[in-house]
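Colleague: sequence plus the predicted model coming up.
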Amino acid sequence: MFSSVKKWFAQEQWTIGLVNQSLEDVVNNGIIKPIQWLPALKKGFLADPYALILPDGKVEIYAESFDFKSFKGEIVCATSAIQEFESARFKPGVNLATHLSYPQGISWGKEEFLFCENWESGGIPIFNRPDPSLPWEYKTTIFEGQRVVDPTPLFHEGIWYLFYTLQNDRPNQCLRMAHSIDLLSGWQSHGQSVIHNNKMGARPAGPICKLSDGRLIRPGQNCSNTYGGGIALYEIKELTTSAYREELIRVIKPQAGNWQWGLHTICSLGRQHTLVDGKRWLHSPLEIIRKFARQRMLQKRCK
């Protein structure tokens, strides 16, 4: 294990990887094929991948691009064929004055929407576009005043559900849920205040997927030993506005190699591929100073 003392003098870095397995195969068998990792950024990292399949068969890959100097993330996007994944070039997607991460796409009616984490500002910003050829534009903010972490929307039996944690209340341990009949307003807390209370699998780890047999699978981060240490996969057994029940079916650990210290997002990429991200630690004697500087910056941003 990487000791807690050493982490004060090490920089956490993430990158995105492609698995040549469908998400359904990963759910049933785990990750059994090598992961193709993108090169690490020199002055930051890429994490939280999300993918959209375009009408022409190409894919849009969204991710958080975090800058070590500014301590700020923005959402970037790369468009390419799956076969050209390793040469994907990311460009700015959406950006705000404060940190953005964890992009999650939704198709609703004839439009597309993009949810992002922005707990520093209090709320969930939503962007939209009527057509994939157009840029994203800011639409609205929901959950204003709440420090929502990793918001993960799901449409199920005519109801929108949102899975999330709160930065100011054990974000790696207490999973919460809200529901609404309108994606953009009217959200109400679920009947169960906390639907999962455990560092194993509470914090969302990517979109909830529906398998070919109808099962709903919720990925959650395994933060039992370290933040984003692995992924726990849960089958949702019951989901209504007043009841929730799930069952752990698989725990996925990081693969040995350069990115073996974490795995905290998983997302389907078509019928044969899956996106993940991996973590490593970079030794940096000045990192302890940087960590304190980031805490001070966050305090200023959140006032």
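Modeller: Yep, that arrived.
Colleague: ok, which stretches of this structure are helices?
Modeller: 4-7, 23-29, 287-301 (DSSP state H).
Colleague: so where's the stretch 1-150 of the chain uncertain?
Modeller: Residues of the stretch 1-150 of the chain that meet the criterion pLDDT under 70 lie in 1-8.
Colleague: hmm, try it at 50
Modeller: 5 (pLDDT under 50).
Colleague: can you name the residues that contact the closest residue to residue 168 other than its chain neighbours?
Modeller: In space, and not counting its chain neighbours, residue 168 is closest to residue 147: 5.2 Å by C-beta to C-beta, 6 or more residues apart in numbering. Heads up, the C-betas are built off the backbone N, CA and C, glycines and all. The contact partners of residue 147, by C-beta atoms under 8 Å, 6 or more residues apart in numbering, come to 119-120, 122, 166-168, 302.
Colleague: for the residue nearest to residue 141 when sequence neighbours are not counted, what are phi and psi?
Modeller: Nearest residue to residue 141, sequence neighbours excluded (C-beta to C-beta, 6+ apart): residue 123, at 4.2 Å. When read as degrees, to the nearest 10, the backbone of residue 123 gives phi 140, psi 180.
Colleague: tell me if I'm right that residue 123 and residue 146 touch.
Modeller: Yes: between residue 123 and residue 146 there is a contact under C-beta atoms under 8 Å: 6.6 Å.
Colleague: hmm, back to that, quick one: the residue nearest to residue 168 from residue 106, how far?
Modeller: Using C-beta to C-beta, to the nearest Å, we find residue 147 at a distance of 22 Å from residue 106.
Colleague: now residue 122
Modeller: Distance, residue 122 to residue 106, using C-beta to C-beta: 21 Å.
Colleague: next: residue 240.
Modeller: 20 Å.
Colleague: more neighbours: the two, which one.
Modeller: Remark: of residue 240 and residue 106, residue 106 carries more neighbours, 17 against 14, as counted by other C-beta atoms under 10 Å.
Colleague: chain neighbours aside, what residue packs nearest to that one?
Modeller: Nearest residue to residue 106, sequence neighbours excluded (C-beta to C-beta, 6+ apart): residue 113, at 4.5 Å.
Colleague: neighbours of the one you found, how many?
Modeller: Residues near residue 113, counting by other C-beta under 10 Å, number 20.
Colleague: what sits against it?
Modeller: 105-107, 126-128, 139, 183.
Colleague: recalculate using a threshold of 10 Å.
Modeller: Residue 113 is in contact with 104-107, 126-129, 136, 139-140, 153, 183-184, counting by C-beta atoms under 10 Å, 6 or more residues apart in numbering.
Colleague: please apply the same query to residue 19.
Modeller: Here residue 19 is in contact with 25-26, 31-36, 255, 266, 269, 272-276 (C-beta under 10 Å, 6+ apart).
Colleague: repeat that for residue 178.
Modeller: 142-143, 146, 148, 151, 153, 160-164, 186-190, 241 are the contacts of residue 178 under C-beta under 10 Å, 6+ apart.
Colleague: measure residue 26 to residue 123 for me?
Modeller: 32 Å.
Colleague: tell me the contacts of residue 166?
Modeller: So residue 166 contacts 119, 143, 146-149, 174-176 (C-beta under 10 Å, 6+ apart).
Colleague: so which of the residues you listed are in strands?
Modeller: 148-149, 174-176 (DSSP state E).
Colleague: wait, residue 74 sits on residue 136?
Modeller: No: the pair residue 74 / residue 136 is not scored as a contact, 11.9 Å apart, by C-beta atoms under 10 Å.
Colleague: what do these two both touch?
Modeller: When contacts are counted by C-beta under 10 Å, 6+ apart, residue 74 and residue 136 are jointly contacted by 93-95, 116.
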